[in-house]
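Student: Here's my sequence, what's the structure:
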Amino acid sequence: MAKTVAMAVPARTAERAIRVLRGLQLIDDRFEFGRTGGTVLIPIVRKPSAQEACRIEEQCGGVKVEQPLLPEVVRKPRDLREAVCHEIPKELVSNLPRSFDTIGEIGVVELPGELDQFARVIGSGILRISSHLRMVLKESSDVSGTYRTRKYEVIGGSGVTETVHREFSNRFRLDVATVYFNPRLSHERMRVAKQVKEGERVIDMFAGVGPYSILIAKAQPRSKIYAIDINPEAFKYLSENILLNDVADRIVPILGDAREIVARRLRNVVNRVIMNLPSESKDFVESALEALDGRGGIIHYYTFASRNETTDAVAETIREDVEEHGRKVESILFASILKEVAPNKVQIAVDLLIK
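Tutor: Purely as a prediction, here's the structure:
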């Protein structure tokens, strides 16, 4: 039991009072309601202003502020807003992120600048609503560099940044601080994996820790996947994950630049190419085309675009780029926005059937 501020209202008007107080954002959800005789005690976050008190009196009548002992609520907050709304300024509550990423036992959140000083509060709030997490990281830089990594700040919990992430019954060991991994693309990875047919040969040009390659290997056991990545840390985890998921007979992990690997050993070898490097895919188009065998095949191309651009316009630009390299695009099989990555910037997936 703890002493708090509460509004004492007649039981007959309690329902109406709750609606009014909820509308004024005065109810303190950290405490349970109380009752003494014919009076209901509604916990509030603060004493109402004179104007608020007049409104409450007009609509409910016979109310007064007390300081009773009420039991604290032990239930888990329903969401981040409820978890931290009493610890950050009221005017900033609406700026709280509506979601955060979960990678294994680690939560990853992006915060606007005005919430930086409350990062630890928000990190603790995320741990309260997601009891399976042991650590929360705040993104402190964009994805950048050849190895596609970003910087993080620990804002909740503790421990190492290595974890095991589960996706469609597959397990991926990775270190979020040294490799790129996006859990939001799980359904896109499954969409691609379901298209692979028996006996296909696939190049995953930017394989990372293996989410596309391993999902394809599981979905189509009679496929052959060449999984390439230039980041030694990503290659290390890719090799581990191939063994962890028992697909070593289907995936060939290769460390290096995809352009050099294709030129040296994978020309005219495959029927399908995955190009999940949105910021630089254009620079690898020629190599992707060289990798396709004489019958052609399918390229899964990813890129960034302005929110104002239509997917058809983006797909047409990619078609022109491919045809400038001497191959014919028989058709655009798929073109869709996958997610927003920044204000007015989206990631787009385009599937091309190449002659």
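
Student: pLDDT weak spots in the chain?
Tutor: 1, 73-75 (pLDDT under 70).

Student: mind listing the helices for it?
Tutor: For the chain, the helices defined by DSSP state H cover 14-23, 50-60, 80-84, 119-129, 186-193, 211-219, 232-244, 258-265, 285-291, 311-324.

Student: who are the neighbours in contact with the residue nearest the centre of the chain?
Tutor: The residue lying closest to the centre of the chain (C-alpha atoms, centre = their mean) is residue 101, at 3.7 Å. Residues in contact with residue 101 (C-beta atoms under 8 Å, 6 or more residues apart in numbering) are 107, 108, 109, 182, 183, 184. In short, each C-beta sits where N, CA and C put it, glycine included.

Student: if you set the cut-off to 7 Å instead, what comes out?
Tutor: 108, 183, 184 (C-beta atoms under 7 Å, 6 or more residues apart in numbering).

Student: and the helices of the chain, which is most packed in?
Tutor: helix 211-219 (a mean of 25; mean count of other C-beta atoms under 10 Å).

Student: Quick one: list the elements packing against the longest strand seen in the chain.
Tutor: What stands out as the longest strand in the chain, according to DSSP state E, is strand 329-342. On a contact count with 3 or more C-beta pairs under 7 Å, 6 or more residues apart in numbering; DSSP states H and E, strand 329-342 meets helix 311-324, strand 345-354.

Student: Going by neighbour count, list what's buried in it.
Tutor: By 16 or more other C-beta atoms under 10 Å, the buried positions in strand 329-342 come out as 329, 332, 334, 335, 338, 341.

Student: For residue 141, which of the helices of the chain is the nearest?
Tutor: In this view, the helices of the chain are compared for proximity to residue 141 by C-beta to C-beta, and helix 119-129 is the closest at 14.6 Å.

Student: So what's the gap between that closest one and the chain middle?
Tutor: 17 Å (C-alpha atoms, centre = their mean, to the nearest Å).

Student: And the contacts of that helix?
Tutor: Outside helix 119-129, the residues that reach it (C-beta under 7 Å, 6+ apart) are 76-77, 79-80, 83-84, 87-88, 100, 107, 109, 111, 115, 133, 136, 138, 155-157.

Student: Closest one of the contacts of residue 101 to residue 265?
Tutor: residue 183 (31.8 Å).

Student: any idea how far residue 265 lies from residue 290?
Tutor: As for residue 265, its distance to residue 290 is 11 Å (criterion: C-beta to C-beta, to the nearest Å).

Student: Ignore what I typed, I meant residue 222.
Tutor: From residue 222 to residue 290 the distance is 25 Å (C-beta to C-beta).

Student: Then residue 345?
Tutor: From residue 345 to residue 290 the distance is 30 Å (C-beta to C-beta).

Student: Need the residue in this structure that's farthest from the chain's center.
Tutor: Distance to centre of the chain, C-alpha atoms, centre = their mean, peaks at residue 37 (50.0 Å).

Student: Tell me who's in contact with that residue.
Tutor: Per C-beta under 7 Å, 6+ apart, neighbours of residue 37: none.

Student: Could you report the distance from residue 276 to residue 221?
Tutor: 22 Å.

Student: And residue 230, by the same measure?
Tutor: Distance from residue 230 to residue 221, by C-beta to C-beta: 28 Å.

Student: Can you get me a residue count around the residue nearest to residue 133 when sequence neighbours are not counted?
Tutor: The shortest distance from residue 133 to any non-neighbouring residue, by C-beta to C-beta, 6 or more residues apart in numbering, is to residue 107 (4.8 Å). Residue 107 has 24 neighbouring residues, counting by other C-beta atoms under 10 Å.
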